[in-house]
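Visitor: After the sequence you'll find the predicted model.
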Amino acid sequence: MKELTLKSPFFIKTLGFAFVALAFFYLGKHWSDDTYQQLIFFSTNSASGVNVKAPSVSVSPNFNKTFDVKSLINDTALPPVEVLAPPPPVAVQRLGVVDENGVMRDEFEVGEYDPDVVEKRDNETRIVEGGDEGKGRVGVGKFEMCPESMREYIPCLDNVDAIKALVSTEKGERFERHCPEKDKGLSCLVPPPKGYKAPIPWPTSRDEVWYSNVPHAQLAEYKGGQNWITVDKDKFKFPGGGTQFIHGADKYIDQISQMIPEIAFGNHTRVALDVGCGVASFGAYLFSRNVLTMSVAPKDVHENQIQFALERGVPAMVAAFATRRLLYPSQAFDLIHCSRCRVNWTRDDGILLIEVNRLLRAGGYFAWAAQPVYKHEPLLEEQWEEMTNLTTRLCWNLVKKEGYIAIWQKPLNNSCYLNREPETLPPLCDERDDPDDVWYVDLKPCISRLPEDGSGANISTWPDRLNNPPERLQSIKLDAFVSRKDLFKAESKYWKEIIDSYVRALRWGTYKLRNVLDMRAGYGGFAAALIGNQLDCWVMNVVPVSGPNTLPVIYDRGLLGVMHDWCEPFDTYPRTYDLLHAAGLFSIERKRCNITSIMLEMDRILRPGGRVYIRDSISVMDELEEIGKAIGWRVAVRDTAEGPHASYRVLTCDKNLR
């Protein structure tokens with residue numbers, strides 16, 4: 001029975017299966033322990049051109065690679081789940097101001113950046129004040145006060161060494177600009193006089209100012225009998241008189257209006273120039289007739305007359321008719337006035353009156369009140385004859401001569417000049433001469449041509465001319481293909497919206513603003529917006545030499561302005577302006593100038609208690625903020641209307657009444 005069982009087919013099959021299993025187990029373990037890892041795979045491929053599948057052999061991709069299978073099986077440090085888990089999502093680079101949920105974020109980056117560059121930008125022009133360099137945010141060192149002797153300092157007009165080195169001074173060269181070298185410029189804060197007070201507001205300031213603010217009584221003593229200025233306790237008072245109008249400026253202006261009704265103050269005549277202005281009573285009283293007057297005089301023996309004018313709240317600059325063009329464009333003034341201005345108009349073949357002709361608008365008037373007009377003495381009569389001969393060659397028409405006043409009118413076009421006798425002097429300037437080129441340009445003994453299209457002469461009357469794009473707008477050289485009229489209108493709208501917001505949010509209507517300086521004026525949109533908001537102030541519109549010359553447009557609008565290079569000091573006394581405004585100036589001028597020098601100059605011409613508003617790019621704002629603090633201003637950085645992520649900021653600064 002037992003023998004049958006062992007020999008049965010079932011038993012034999014079971015034994016054979018066990019033997020085969022053991023053999024496979026032995027072979028598998030042998031191959032696993034051995035370093036020989038060449039595995040052969042069998043596959044079937046379709047033979048070329050034949051539908052029968054033939055077997056083929058391929059080598060494993062792991063050929064010639066070794067693996068420690070035991071360590072892989074026994075290593076429990078890496079859980080299997082990590083192998084099976086999907087790869088983490090790729091991090092999204094955030095380049096905008098909105099996150100993945102559409103929410104505005106506080107911090108963002110625009111594209112790629114170099115951390116070293118950012119760090120250098122943050123530390124640019126910083127001066128370490130205590131501590132180790134590079135630790136935290138450092139500031140600019142505090143500026144010290146200048147000596148008391150510099151309280152009336154005008155850098156480019158008080159350069160004693162440069163004036164002494166002049167070859168000649170007989171033509172008034174000493175009264176022109178002679179700026180210090182770059183490394184010898186202002187590096188301290190100009191102090192106010194002892195007892196300085198906040199200026200008396202306009203219109204009261206027209207008639208009286210604090211003695212302590214301009215403590216110079218010499219002018220009152222010298223001109224005491226001519227009704228210019230008197231001292232009354234702690235104030236200077238201005239009766240409104242002048243050398244030729246001792247009965248008052250108002251009556252004098254009435255006389256001119258009666259002589260030439262076409263002058264039409266405040267309508268046809270909006271912008272005037274008063275040469276040798278004294279204490280600027282002529283310009284002060286023209287304000288009530290809607291006339292802006294630029295009062296100019298040299299810094300001579302009556303050096304404080306311009307300072308008195310500015311303290312009164314009247315537009316004024318230190319300037320002289322000498323050897324260079326004045327810093328105003330051609331056809332700037334509707335009326336040019338000279339009352340005993342001590343200018344010899346006929347010297348050097350009339351080159352100074354030729355400059356007046358350049359500045360005078362086509363069809364404009366020149367009023368001369370002087371002794372040669374009315375005194376019958378041989379020397380004075382000779383001077384009058386020279387004057388009439390010169391004005392005739394300039395094609396001026398003597399419209400009226402009455403009492404001690406003579407008034408001429410400039411022609412409207414070039415026809416008279418072209419019809420003069422051959423070889424008549426002065427000749428017409430070359431057609432290539434630019435009559436609006438004025439920065440350090442010598443006087444030229446030739447008559448500036450008037451535009452053939454009549455631009456400059458055919459302007460609107462006031463107040464329409466303020467908002468009407470003038471024809472001379474087309475002559476401005478711009479790197480733009482858009483319409484200049486569109487640019488003009490866009491700038492006007494832009495500044496109107498900004499000033500409206502300033503009046504609402506920053507209470508500009510409550511500020512006691514009178515003397516305002518726009519350091520980069522463009523077309524004068526800032527000044528026009530102030531007028532539109534009925535703020536009782538005037539604006540000196542400065543057109544930097546680093547940009548397009550838009551001064552002709554500013555004057556055609558009925559506003560005042562001057563050409564200037566902010567790499568140099570401005571021609572005015574310390575403590576001139578209540579408000580300084582600069583839009584986009586520093587991000588441009590930092591390529592040419594030391595912006596610390598510009599801000600020190602701003603402090604010099606800013607009245608104690610005055611304000612500064614700077615609209616500029618973020619890239620320059622930190623530096624301006626630190627310099628403002630070092631000067632001693634109270635500074636604050638504000639967002640623009642575009643929001644916190646705009647590329648521009650507004651820096652507001654207050655100068656202490658110290």
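Guide: Thanks, I have the structure now. Numbers count the residues shown, from 1 in each chain.

Visitor: Look through this structure and tell me its longest strand.
Guide: In terms of residue count, the longest strand belonging to the chain (DSSP state E) is strand 606-617.

Visitor: what's it in contact with?
Guide: Outside of strand 606-617, the residues that reach it under the criterion C-beta atoms under 8 Å, 6 or more residues apart in numbering are 192, 196, 198-199, 502, 511, 515, 575-587, 602, 624, 628, 633, 640, 647-658. To be clear about C-beta, it is placed using only N, CA and C from the backbone, and glycine gets the same treatment.

Visitor: which among these end up buried?
Guide: With neighbours counted using 16 or more other C-beta atoms under 10 Å, the contacts of strand 606-617 contain these buried positions: 192, 196, 199, 502, 511, 515, 575-587, 602, 624, 628, 633, 648-653, 655.

Visitor: what element comes up after the helix or strand of the chain with the lowest mean pLDDT heading to the C-terminus?
Guide: The least trusted helix or strand in the chain, going by mean pLDDT, DSSP states H and E, turns out to be helix 115-122, with a mean of 32. Read in the C-terminal direction, the helix or strand following helix 115-122 is helix 160-164, with elements assigned using DSSP states H and E.

Visitor: what's the spacing between that following helix and its chain's center?
Guide: 31 Å (C-alpha atoms, centre = their mean, to the nearest Å).

Visitor: What's the end-to-end length of stretch 555-568?
Guide: Start to finish, the residues bounding stretch 555-568 are 24 Å apart (C-alpha to C-alpha, to the nearest Å).

Visitor: Mind listing what's buried along it?
Guide: So stretch 555-568, judged by 16+ other C-beta under 10 Å, has buried residues 555-568.

Visitor: What average pLDDT does that stretch get?
Guide: Stretch 555-568 comes out with an average pLDDT of 98.

Visitor: before we move on, what about stretch 325-337?
Guide: On average, the pLDDT along stretch 325-337 is 98.

Visitor: now swap in stretch 159-167 and tell me
Guide: pLDDT averaged over stretch 159-167 equals 95, rounded to a whole number.

Visitor: Please apply the same query to stretch 259-266.
Guide: Average pLDDT, stretch 259-266: 97.

Visitor: Go ahead and name everything in contact with it.
Guide: Under the contact criterion C-beta under 8 Å, 6+ apart, stretch 259-266 has outside partners 253, 256-257, 268-269, 286, 289-291, 335, 365, 399-400, 402, 405, 407, 461-462.

Visitor: Let's see which of those residues end up in helices.
Guide: With helices defined by DSSP state H, the entries of the contacts of stretch 259-266 inside them are 253, 256-257, 286.

Visitor: Would you list the buried entries among the residues you listed?
Guide: When the ones in helices among the contacts of stretch 259-266 are checked for burial by 16+ other C-beta under 10 Å, the buried set is 253, 256, 286.

Visitor: who's in contact with the first one?
Guide: Read that as Ile253. By C-beta under 8 Å, 6+ apart, the neighbours of Ile253 are 265, 282, 285-286, 289.

Visitor: try it again with 7 Å
Guide: The neighbourhood of Ile253, defined by C-beta atoms under 7 Å, 6 or more residues apart in numbering, consists of 285-286.

Visitor: Against Arg361, how distant is it?
Guide: Here the distance between Ile253 and Arg361 works out to 19 Å (C-beta to C-beta, to the nearest Å).

Visitor: that older thread, now flag whichever of the buried ones among the ones in helices among the contacts of stretch 259-266 is closest to Asn357.
Guide: For those, the residue nearest Asn357 by C-beta to C-beta is Ile256; the value is 19.9 Å.

Visitor: which residues touch the closest one?
Guide: 263, 367, 405.

Visitor: ok, now which ones touch the second one?
Guide: The contact partners of Ala367, taken as C-beta under 7 Å, 6+ apart, are 256, 335, 337, 405, 407.

Visitor: Now do the closest residue to Pro608 other than its chain neighbours, the pLDDT please.
Guide: Nearest residue to Pro608 in three dimensions, chain neighbours excluded: Leu657, at 4.5 Å (C-beta to C-beta, 6 or more residues apart in numbering). Reported pLDDT at Leu657 in the predicted model: 85.

Visitor: What's the separation between Ile200 and Tyr211?
Guide: Applying C-beta to C-beta, the value for Ile200 to Tyr211 is 11 Å.

Visitor: And Asn344, by the same measure?
Guide: Counting by C-beta to C-beta, the separation of Asn344 from Tyr211 is 35 Å.

Visitor: Give me the more crowded residue out of those two.
Guide: Between Asn344 and Tyr211, counting by other C-beta atoms under 10 Å, Tyr211 is the more crowded of the two (20 against 14).

Visitor: what's around the closest residue to the more buried one other than its chain neighbours, how many residues?
Guide: Take Tyr211 and drop its neighbours on the chain: the residue closest to it by C-beta to C-beta, 6+ apart is Asp234, 5.2 Å away. When counting by other C-beta under 10 Å, one arrives at 11 neighbours for Asp234.

Visitor: from what I can see Asp234 touches Glu208, true?
Guide: No - with the criterion set as C-beta atoms under 7 Å, Asp234 and Glu208 do not qualify as a contacting pair; they are 10.0 Å apart.

Visitor: Tell me where the stretch 201-350 of the chain has helices.
Guide: Assigned by DSSP state H, counting those that start in this stretch, the helices in the stretch 201-350 of the chain fall at 218-222, 249-259, 281-286, 305-312, 347-359.
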